[in-house]
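quick one: sequence plus predicted model below, questions after.
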Amino acid sequence: MKLTKSSQPIQSKSLVLLTAATASSLIMLDSNIVAVSLPSIARSLHATFSDIQWVVSAYVLTFAALLLPSGSLCDLRGRQWAVLVGICLFAIASILCGLAPSAIMLNVARAFQGIGASLLLTASLAIIGHTFQGVERAKAFAFWGSALGIAITSGPIVGGVITNFFGWRWAFLINVPVCVLLIGLTFVVVRESYDPNAKEFDWFGMLTFSSGLFLLTWALIDGNHTGWLSQSIVRRFVGAGLLLTGFVIVELKQKHPMVEFRLFQDPTLLGANFSMLGYAAGAQVMIFFLPLYLQNTFGFSPLLAGLAMLPFALPIFLAPRLGGQLATRYSGRKMLTFGLAVVCAGNLLMAGFASTFSYPKFAIAMVVAGWGTGLLNSDTARVYMGAMPPERGGIASGLSATVRFTGLLIGLAGLGVVLTQATTASFIARIALRFSALEDIPDFINRVTAGDINGATVQLPESIRGEVIEIARHSFTDGFSHLALMAAIVSFFSLVLTLVFVRSADTPPLRR
């Protein structure tokens, strides 16, 4: 049967949910596969830590910057339309990533991949919000969280297997057949839906926000290498500040703004933003740094690193089911603060156990952090979406995901600064006790933090190479300890702000 614009898709809530959850999971699966592949990409393309930060950040940057306009667009043009366009862009960009001959080309392709991902996620969340109401919606978001948990759980293993046996390029190319399947499902299963009150597209808001976020990320990633007080970095920070300030001014004066700042007068919605930021910058961000730690510290292959992440990933899959049950007994306020407290404890344990070089101890810390991350994964989305009316599903999902992935982007860049600075300081202190100063330590540390310790030391004399590698391993572990401690601080402050602003009366336990 030939499908046309007017064809009626099959009405099945379970199939709609499965399609939307699979589309969202593809985004997370891609991120996790890439996280395990980063050291291999660094070795293959001779990339520095800044380069491989951009492999993640170029994707998250366009993703986060375009989530709000994507939410408006899917409300205006239709959620099914947005999913189809997003999948096509994502598939084409995945092919370009898999064929990229250099780090620069890979990062450009990743940026285009993020554009498709932004349409996919906002439309998927809006479809769920439009299709389900009340307790059904809570269960739907719990399933959505579990689906993302499956992607998180399987991502490191799948990424390790692919990178070990087929090469890192297939970590991107594997997306293509999944995209083809999703296109067919979306045509058949998803009924088109719109927001009848959708406003015109906010071009000025999109340009000021995305440009400001880009300059801020660019400054944070290049600051260590270029120098924090260098003219180029200072100009980027100033430009970011001016553009983001301009974004607020533009939105306040717009007749139909992309972000209605009056919404943030609601304390619960404001608190939900703080909890989302804490989840992203204090919990979700560890997905990208843990593979570097496991491969650098323990010398694991990509496959072993993927398996070694299971203590962190498996609870993320299991926790949303528990969270769905607990949500019928406890308010959203209690659920969010409890999840943030568990994440904070897990990060503190990782900071303490990282330098012991004991995987069993570190695995205990990953289990604790994983349970907290899993609880927050679905609860942050549920509380946030619940604060907005169903017809504003596109805007709500876009705003929710923008806060989440902006937090992730700033967390990646900011914690990357902590990792590099702490690793450099530790390396300089340790190396000074044994050898005269090495040449170009910043470049050396960039290679080490990228996961290419052997490549960083390949030109050293054989007589000292082994000892320098060992010093580099210990220095990186010190850097990771500082990173985990900072992540714990971020989650703690987010917990406090959540307690202050989120009201129990606005987030009561769900009825069975």
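It's in.

what about the stretch 101-250 of the chain, any weak spots by pLDDT?
Scanning the stretch 101-250 of the chain for pLDDT under 70 picks out 134, 149, 152-153, 194-201, 224-225.

what are the boundaries of the helices in it?
Here the stretch 101-250 of the chain has its helices, by DSSP state H, counting those that start in this stretch, at 103-131, 134-165, 170-173, 175-189, 203-226, 231-253.

nearest to residue 96, of those helices?
Residue 96 lies closest, by CB to CB, to one member of the helices of the stretch 101-250 of the chain: helix 103-131, at 3.8 Å. Heads up, the C-betas are built off the backbone N, CA and C, glycines and all.

highest mean neighbour count out of the helices of the stretch 101-250 of the chain?
Mean neighbour count (mean count of other CB atoms under 10 Å) peaks for helix 103-131 among the helices of the stretch 101-250 of the chain, with a mean of 25.

okay, angle between that one and helix 175-189 too, please.
Interaxial angle, helix 103-131 versus helix 175-189 (axes from the mean of the first three to the mean of the last three CA atoms, to 10 degrees): 20 degrees.

residue contacts, residue 59?
By CB atoms under 8 Å, 6 or more residues apart in numbering, the residues touching residue 59 are 31, 34, 110, 111, 113, 114, 117.

and the residues you listed, which is closest to residue 346?
With CB to CB as the yardstick, the closest approach to residue 346 among the contacts of residue 59 comes from residue 31, at 19.7 Å.

pull the number of nearby residues for residue 190.
Counted with other CB atoms under 10 Å, residues neighbouring residue 190 total 25.

quick one: contacts for it?
Residues in contact with residue 190 (CB under 8 Å, 6+ apart) are 9, 16, 19, 20, 79, 80, 83, 127.

coming back round to it: would you turn the helices of the stretch 101-250 of the chain into TSV with distance to residue 275?
Conversion of the helices of the stretch 101-250 of the chain to TSV gives the following (distance: least, CB to CB, whole Å):
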stretch	distance to residue 275
helix 103-131	17
helix 134-165	15
helix 170-173	31
helix 175-189	30
helix 203-226	21
helix 231-253	22
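
for residue 352, which of these is the nearest?
Nearest to residue 352 among the helices of the stretch 101-250 of the chain is helix 134-165; the distance by CB to CB comes to 23.0 Å.

also compute the angle for the closest one relative to helix 103-131, please.
Interaxial angle of helix 134-165 relative to helix 103-131 (the same axes, to 10 degrees): 160 degrees.

which neighbouring elements make contact with helix 134-165?
helix 13-45, helix 103-131, helix 170-173, helix 302-308, helix 310-326, helix 359-386 (3 or more CB pairs under 8 Å, 6 or more residues apart in numbering; DSSP states H and E).

who's in contact with the nearest residue to residue 236 once chain neighbours are set aside?
Distance criterion CB to CB, 6 or more residues apart in numbering; nearest residue to residue 236, sequence neighbours excluded, is residue 219 at 3.7 Å. Listed by CB under 8 Å, 6+ apart, the contact partners of residue 219 are 233, 236, 237, 240.

any idea how far the second one is from residue 214?
Summarising the geometry, the distance separating residue 236 from residue 214, computed by CB to CB, to the nearest Å, is 9 Å.

what does the last one give?
If you measure residue 240 against residue 214 using CB to CB, the figure is 8 Å.

okay, and the most centrally placed residue in the chain sits in which element?
Nearest to the mean C-alpha position of the chain, by CA atoms, centre = their mean, lies residue 408 at 4.9 Å. Using DSSP states H and E, residue 408 falls within helix 393-432.

buried ones in that helix, by neighbour count?
Of the residues in helix 393-432, 393-424, 426-427, 430-431 count as buried by neighbour count, 16 or more other CB atoms under 10 Å.

in space, what's closest to residue 306 - neighbours in sequence excluded?
Closest to residue 306 by CB to CB, 6+ apart is residue 160, at 2.9 Å.

mind listing what that neighbour touches?
Contacts were defined as CB under 8 Å, 6+ apart; by that measure residue 160 touches 36, 301, 302, 303, 304, 305, 306, 307.

same check, this time on residue 56
31, 34, 35, 38, 110, 288, 412.

give me the pLDDT value at it.
Listed pLDDT for residue 56 reads 81.

quick thing: my sequence starts at 54, can you match it?
Understood, numbering begins at 54; the last thing we discussed is residue 109.

and it, what element?
If you go by DSSP H and E, residue 109 is part of helix 102-130.

ok now that helix, how far from the chain's centre?
10 Å (CA atoms, centre = their mean, to the nearest Å).

quick one, domains of this structure?
Here the domain assignment for the chain is 66-244+309-479+528-559, 256-308, based on automatic domain parsing.

could these go into CSV alongside distance to residue 514?
Shown next, in CSV, are the domains of the chain (distance: least, CB to CB, whole Å):
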stretch, distance to residue 514
domain 66-244+309-479+528-559, 19
domain 256-308, 26
